[in-house]
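> got a predicted structure here, sequence first:
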Amino acid sequence: MRLTGFLNEGNREKSSTGMGADGLSKQRVKTLIYKGTKKCTHNKLYSDNYWQGPQCVWDVFNGLNLNWNLTKSEYKNNKDDAKMGITMPSRKEWHFEIMWEGPKGKQLKTSGYLTAAGAGTTDDPLGKYDLVLVIW
């Protein structure tokens, strides 16, 4: 599916070079990504060992034919976890960037991160998690 797959039939925007976001403004790309990933991030609580939630987001990126890559991934703790004796990470973050050719032929880039925030027990905070997607 191309990026235009999330637009209304009468409002389809065309891509000139085959990349799903080419020819679109930064705001339009962000809006379409948020709409496409809503099924992965809204009102969902995951409980798996294979990061199915983040994979859902990456599948949407790929389905939209975006030129994207991961720039960093890391486990993190909350600042007060050590005081409470919690040693397990409470979240995992994936940082990414998306590049495309904008409406005037200029190369555009947007970045963001996906956070799997632990919603499990203190012994296994990431045994259950929800997702937060932020793009700027």
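Perfect, thanks for sending it. As the structure is a computational prediction, the values presented were derived from the model and not from experiment.
> wait, residue 39 touches residue 56, no?
Yes. Assessed by Cβ atoms under 8 Å, residue 39 is found in contact with residue 56 at 7.2 Å. No exception for glycine: its C-beta is placed from N, CA and C like everyone else's.
> residues contacting residue 56?
If you count contacts by Cβ atoms under 8 Å, 6 or more residues apart in numbering, residue 56 has them with 37, 39-40.
> run the last query once more with 6 Å
The contact partners of residue 56, by Cβ atoms under 6 Å, 6 or more residues apart in numbering, come to residue 40.
> need the three-state assignment for it.
For residue 56, the secondary-structure state derived from DSSP: H, G, I helix; E, B strand; the rest coil is helix.
> ditto for residue 20
For residue 20, the secondary-structure state derived from three-state DSSP is coil.
> and it, how many residues sit next to it?
25 (other Cβ atoms under 10 Å).
> residue contacts, residue 53?
Neighbouring residues of residue 53 by Cβ under 6 Å, 6+ apart: 46, 131.
> which SSE is it in?
Element membership of residue 53, judged by DSSP states H and E, is helix 52-63.
> again, but for residue 100
Mapping residue 100 onto the secondary structure by DSSP H and E places it in strand 91-101.
> list the helices and strands the stretch of helix or strand residue 69 belongs to packs on?
Residue 69 belongs to strand 67-76 when elements are defined using DSSP H and E. When contacts are defined as 3 or more Cβ pairs under 6 Å, 6 or more residues apart in numbering; DSSP states H and E, strand 67-76 packs onto strand 91-101.
> what residues sit buried inside the strand it packs on?
Judged by neighbour count (16 or more other Cβ atoms under 10 Å), strand 91-101 contains these buried residues: 91-96, 98, 100-101.
> again, but for stretch 77-93
By neighbour count, with 16+ other Cβ under 10 Å as the criterion, the buried positions of stretch 77-93 are 81, 86, 88-93.
> what does stretch 59-70 give?
Within stretch 59-70, the residues scored as buried using 16+ other Cβ under 10 Å are 60-61, 64-68.
> just want the angle from the longest helix anywhere in the chain to strand 91-101.
Identified as the longest helix of the chain according to DSSP state H is helix 26-41. With axes from the mean of the first three to the mean of the last three Cα atoms, to 10 degrees defining the directions, helix 26-41 sits at 140 degrees from strand 91-101.
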